[in-house]
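Novice: Sharing a model prediction with you, sequence too.
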There are 2 protein chains.
Amino acid sequence: MNKPDCNILSLSKAARFLRRHDNYIILTHTSPDGDTLGAAYALYYGLNEIGKTAGVICPDEIPAKYSYFAVKTELADLKNATVVAVDVADLKLLGSLADKYAGNIDLCIDHHISNTSYADNLLLDPNAAAACEVVYELLVKLRVNINDITAKALYTGLATDTGCFKYSNVTAKTHIIASELFDYNIDAAEINRLMFDTKSKQLLKLEQMVLSTAEYHFGDKCILLSVTEEMQNETGCSGTELEGIALISRSVEGVLAGITLKQTGNKTFKVSLRTFSPLDAARICGGLGGGGHKGAAGATLEGTLPEVKAKILAAVREEMENTNVWSSSAE
Amino acid sequence: MNKPDCNILSLSKAARFLRRHDNYIILTHTSPDGDTLGAAYALYYGLNEIGKTAGVICPDEIPAKYSYFAVKTELADLKNATVVAVDVADLKLLGSLADKYAGNIDLCIDHHISNTSYADNLLLDPNAAAACEVVYELLVKLRVNINDITAKALYTGLATDTGCFKYSNVTAKTHIIASELFDYNIDAAEINRLMFDTKSKQLLKLEQMVLSTAEYHFGDKCILLSVTEEMQNETGCSGTELEGIALISRSVEGVLAGITLKQTGNKTFKVSLRTFSPLDAARICGGLGGGGHKGAAGATLEGTLPEVKAKILAAVREEMENTNVWSSSAE
């Protein structure tokens, strides 16, 4: 769905675009996170400040934890609307809204280098750690009055897309913007507590169950964790709640391959693989019909738990042998 | 050991002090963390840059994970030395070195409001999130060339004392300094991985054991976790390795009082209590012979595990009833 005629906009041109149009529909991606919501709502509040009508549409329900900035908004009529997608790298990330809005997206504001240029106009900064960095700069360029709730939305995106300023996507600019957002009454510590340090009683129970499944392989260079259907049923934890579990597997000292198996059907498991150099998670999962990045990839495997374990462990062992990280003959 | 004649120095005066003296012994506090070490070594490297002789002394062994900046240094002779304590709020935090250096500390650089003014001269910024903020500003004031290893040391202190920019001690200035440190080759993401996302296989096992002890009380407003001697023996985890465990107890949704009991002797337990408003951890622990802050306090209790549980739970219940957070009659 790439548009060969997609206009790449500078910050100034994007600001002029926003001044010139009105009746904005702002779209977020599916399974909304702090960045797509933060960017969408910061843009919404900013457009309100310059007298524009705007509304936010999210393809999925917005999790309650974002309610300190993600309020219900009135929506413009699609006929006269200017549609802006934020933090949406690909049309298909609009989920159920993709069909309705395909070909009707006037502007996309994003930070993913993988953006497929599906919109008529694109403001893209692939060096930005978060879409909220781009929206912040746009609001500054528009000389919009930023108020506390806008600043909270922007800070939320910055913090959540960087693991609270922890990951390699953070730049000097990320910290400068964060410092400028501290001029507002954002209560960053409370936002961070909600985003990073709050889990349900059920998730804590699930974590305990998952940790008790920990297996170490290949001279402790590989850890394997399992999340069975039974555990999910017993605790009621599912979906996005389980996303943090895969992070555990990459936090163990000396481990180069962290495998998390999540049962998604009777004989179906989703593999999440986290690796450190020289292991390549994308290469390992690619060989199993999946894909991803060098440090994080995934695949879906069919079979019983022991069968799936055997498949992924064989693939990891092959990569370890090929990269001379571990050799079965040395055991 | 307060000195009524302690000179409070401005940044400029502290910079002049450092230019005027030489042969520095830089002291850190006991159980060294990223901030005391980062500040001590940044000062060490900075003093080297302006041609001064300096060495760092830590009362305890420096954990290996800080070896990317905390190198072994040559030491000056105490007779001719200028002694500087960094991030040391109280003489007794020098541990085994307190007796030797009491009365001989020429300068203290700190950010704790509770600093007891034990040194001849004091550079104190109680609004700084980390001692490393103060040392950074001092090095800038000295117009010292900051090199990569100095920047790594400073970033480490900033990140570790703020939970990676997560806590309420972070200010706009903290983020501005972080952004300036990104001008150097610090590999912040790797530092953060080492500091925040690396745990031993044994600690992961201990966490699983501790999570399996989770008890909820008072309508799920209180969680109690236990770390027995047996668990510590089985996993070999002890001391500073266990510090993160108490954080678990404050991360559960709806919990206002998180209790962690760590067995330190046959019939001795250290209580770590984390609370949210209106509960006051210091008041609860104060009544048990301990103390601390409103949100985090501790005490040492004697008895068997069931006896100690009963004592701390009774104290928490009383506080909950007094603050109308929970009432036993409502159950």
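Specialist: On my side now, so go ahead.

Novice: I'd say A:Ala257 and A:Leu273 touch.
Specialist: Yes: here A:Ala257 reaches A:Leu273: they are 6.7 Å apart, a contact under C-beta atoms under 8 Å. From N, CA and C alone the C-beta is placed, and that goes for glycine too.

Novice: intersection of neighbour lists for those two?
Specialist: Listed as contacting both A:Ala257 and A:Leu273 by C-beta atoms under 8 Å, 6 or more residues apart in numbering or on different chains are A:281, A:284, A:316.

Novice: A strand includes the second one, no?
Specialist: In other words, A:Ile284. No: the assignment for A:Ile284, made by DSSP: H, G, I helix; E, B strand; the rest coil, is helix rather than a strand.

Novice: ranges for the strands of the stretch 51-200 of chain A?
Specialist: Taking DSSP state E, counting those that start in this stretch as the criterion, the stretch 51-200 of chain A carries its strands at A:54-57, A:82-86, A:107-110, A:121-124.

Novice: burial measure for A:Glu241, as a count.
Specialist: A:Glu241 is flanked by 17 other residues according to other C-beta atoms under 10 Å in any protein chain shown.

Novice: Now it: closest residue in space that isn't a chain neighbour?
Specialist: Spatial nearest neighbour of A:Glu241, chain neighbours left out: A:Leu203 (5.7 Å); criterion: C-beta to C-beta, 6 or more residues apart in numbering or on different chains.

Novice: model confidence over the helix or strand hosting A:Ala14, on average?
Specialist: Assigned by DSSP states H and E, A:Ala14 belongs to helix A:11-20. If you average the pLDDT over helix A:11-20, you get 98.

Novice: Could you point out the helix or strand that follows that helix?
Specialist: Going down the chain from helix A:11-20, the next helix or strand is strand A:24-27, by DSSP H and E.

Novice: List the strands paired with that following strand, with their directions.
Specialist: Paired neighbours of strand A:24-27 in the sheet (DSSP bridges): strand A:54-57 (parallel), strand A:82-86 (parallel).

Novice: about what we covered before: mind checking which of A:Ala257 and A:Leu273 has more residues around it?
Specialist: Higher neighbour count among A:Ala257 and A:Leu273: A:Leu273, with 31 against 28, using other C-beta under 10 Å.

Novice: Helix, strand, or coil at that one?
Specialist: Assignment for A:Leu273 (three-state DSSP): strand.

Novice: show me the contacts for it.
Specialist: Going by C-beta under 8 Å, 6+ apart, A:Leu273 touches A:257-260, A:281, A:284-285, A:292, A:296-299, A:312, A:316.

Novice: Check which helix or strand A:Gln263 maps to.
Specialist: Judged by DSSP H and E, A:Gln263 forms part of strand A:257-265.

Novice: Report all helices and strands that that strand contacts.
Specialist: Packing partners of strand A:257-265 (3 or more C-beta pairs under 8 Å, 6 or more residues apart in numbering or on different chains; DSSP states H and E): strand A:222-227, helix A:229-235, helix A:245-248, strand A:268-275, helix A:305-322.

Novice: Columns mean pLDDT and distance to B:Asp60 on top of the ones you listed, output as a markdown table?
Specialist: Listed next are the helices and strands packed on strand A:257-265 as a markdown table, based on pLDDT from 0 to 100; distance: least, C-beta to C-beta, whole Å:
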| stretch | mean pLDDT | distance to B:Asp60 |
| --- | --- | --- |
| strand A:222-227 | 97 | 31 |
| helix A:229-235 | 96 | 41 |
| helix A:245-248 | 90 | 29 |
| strand A:268-275 | 96 | 33 |
| helix A:305-322 | 98 | 37 |
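
Novice: In stretch A:303-311, which residues are buried?
Specialist: For stretch A:303-311, the neighbour count (16 or more other C-beta atoms under 10 Å in any protein chain shown) marks A:308-309, A:311 as buried.

Novice: Then stretch A:81-99?
Specialist: For stretch A:81-99, a neighbour-count test (16+ other C-beta under 10 Å) marks A:81-91, A:93-94, A:97-98 as buried.

Novice: go on, stretch A:174-193?
Specialist: Under 16+ other C-beta under 10 Å, the buried positions of stretch A:174-193 are A:174-182, A:184, A:186, A:188-189, A:191-193.

Novice: Looks to me like A:Lys294 is in a strand.
Specialist: No: counting by three-state DSSP, A:Lys294 is not found in a strand; it is coil.

Novice: Tell me how many other residues crowd it.
Specialist: Other residues near A:Lys294 number 14, with proximity taken as other C-beta under 10 Å.

Novice: Surely it touches A:Arg274?
Specialist: No: using C-beta under 8 Å as the test, A:Lys294 is too far from A:Arg274 to be in contact (10.6 Å).

Novice: Overlap in contacts, the two.
Specialist: With C-beta under 8 Å, 6+ apart as the test, A:Lys294 and A:Arg274 both reach A:Ala281.

Novice: still on that earlier bit, name the nearest of the buried residues of stretch A:81-99 relative to B:Tyr66.
Specialist: B:Tyr66 has its nearest neighbour among those in A:Asp87, at 36.8 Å by C-beta to C-beta.

Novice: ok, the closest one to chain B distance?
Specialist: 21 Å (C-beta to the nearest C-beta, to the nearest Å).

Novice: For that residue, list the residues it contacts.
Specialist: Taking C-beta under 8 Å, 6+ apart, one finds A:28-29, A:35-36, A:39-40, A:109-112, A:130-131, A:157 in contact with A:Asp87.

Novice: do the same with A:Asn169
Specialist: Shown in contact with A:Asn169 (C-beta under 8 Å, 6+ apart): A:129-130, A:161-162.

Novice: Name the nearest of those residues relative to chain B.
Specialist: Minimum distance to chain B across the contacts of A:Asn169 is 9.2 Å, recorded for A:Thr162 (C-beta to the nearest C-beta).

Novice: got the contact list for A:Ser31?
Specialist: A:60, A:240.

Novice: Using the three-state scheme, assign it.
Specialist: coil.

Novice: Now the phi/psi pair for it, please.
Specialist: Here is the backbone geometry of A:Ser31 (degrees, to the nearest 10): phi 40, psi 60.

Novice: Repeat that for A:Gly290.
Specialist: According to degrees, to the nearest 10, A:Gly290 has phi -110, psi -150.

Novice: isn't it right up against A:Arg283?
Specialist: No: A:Gly290 is not in contact with A:Arg283 according to C-beta under 8 Å; the separation is 10.7 Å.

Novice: just to revisit the earlier point, give me the buried stretch members for the strand holding A:Gln263, please.
Specialist: In strand A:257-265, counting by 16+ other C-beta under 10 Å, buried: A:257-263.

Novice: how about a markdown table for these, with distance to A:Lys141 added?
Specialist: Converted to a markdown table, the buried residues of strand A:257-265 look like this (distance: C-beta to C-beta, whole Å):
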| residue | distance to A:Lys141 |
| --- | --- |
| A:Ala257 | 44 |
| A:Gly258 | 42 |
| A:Ile259 | 45 |
| A:Thr260 | 42 |
| A:Leu261 | 47 |
| A:Lys262 | 43 |
| A:Gln263 | 48 |
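
Novice: Grab the nearest non-local neighbour of A:Ala129.
Specialist: Nearest residue to A:Ala129, sequence neighbours excluded (C-beta to C-beta, 6+ apart): A:Asn169, at 4.1 Å.

Novice: how near is that neighbour to A:Ile113?
Specialist: 11 Å (C-beta to C-beta, to the nearest Å).
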